[in-house]
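# Model the structure of this input:
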Amino acid sequence: MKYEQWSILIDECGVADSDIETVRQYHQEISMSVSETDNFLMFHNAGAFCCQLSNIILILYHFIFFHATDDLAIIMMHVFWMFALFCGLSVTTAGGIIINHYVSTYNECGLSA
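Sure thing, here's the model as predicted:
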């Protein structure tokens, strides 16, 4: 909505300037809260990806160089951890890709704040 249309609408509805200022302050508080949450989640997603990737590298290293164990329980435990880490890494990567796609599509449409 353009500024002229907005001011005409405000004049017709009889909205006070103090009400507009209150709404603006609420909007600013919500916007800052969302921004802080977004920064936290972005850092968390990157940290989770790095930790999962390093864990996979360590388990693969263990599989390659320390395979002297014949205990079936330990082998199954390592297989389970590898499977769980691959699933977690897939979810983390997919979440990052989906969010990146959504944000880039949102910005292409000219809807950025």
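
# for the longest helix seen in the chain, packing partners?
Ranked by number of residues, the top helix in the chain under DSSP state H is helix 17-65. Helix 17-65 is packed against helix 72-108, with contacts defined by 3 or more C-beta pairs under 8 Å, 6 or more residues apart in numbering; DSSP states H and E. Backbone N, C-alpha and C define where each C-beta goes, glycine included.

# angle of the helix it packs on against helix 17-65?
Angle, helix 72-108 to helix 17-65, by axes from the mean of the first three to the mean of the last three C-alpha atoms, to 10 degrees: 150 degrees.

# So which elements touch helix 72-108?
helix 17-65.

# mean confidence score for the helix it packs on?
The pLDDT scores in helix 17-65 average 83.

# In contact with residue 82, which residues?
56, 59-60, 63 (C-beta atoms under 8 Å, 6 or more residues apart in numbering).

# run the last query once more with 10 Å
Counting by C-beta atoms under 10 Å, 6 or more residues apart in numbering, residue 82 touches 55-56, 59-60, 62-63.

# Throw together a PyMOL command that grabs the buried residues out of those residues.
Buried members of these, defined by 16 or more other C-beta atoms under 10 Å, are picked up in PyMOL with:
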select buried, resi 55+56
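
# Return the member of the contacts of residue 82 nearest to residue 27.
residue 55 (41.8 Å; C-beta to C-beta).

# Was I right to think the closest one contacts residue 78?
No. Contact criterion C-beta atoms under 10 Å: residue 55 and residue 78 do not qualify, at 11.6 Å.
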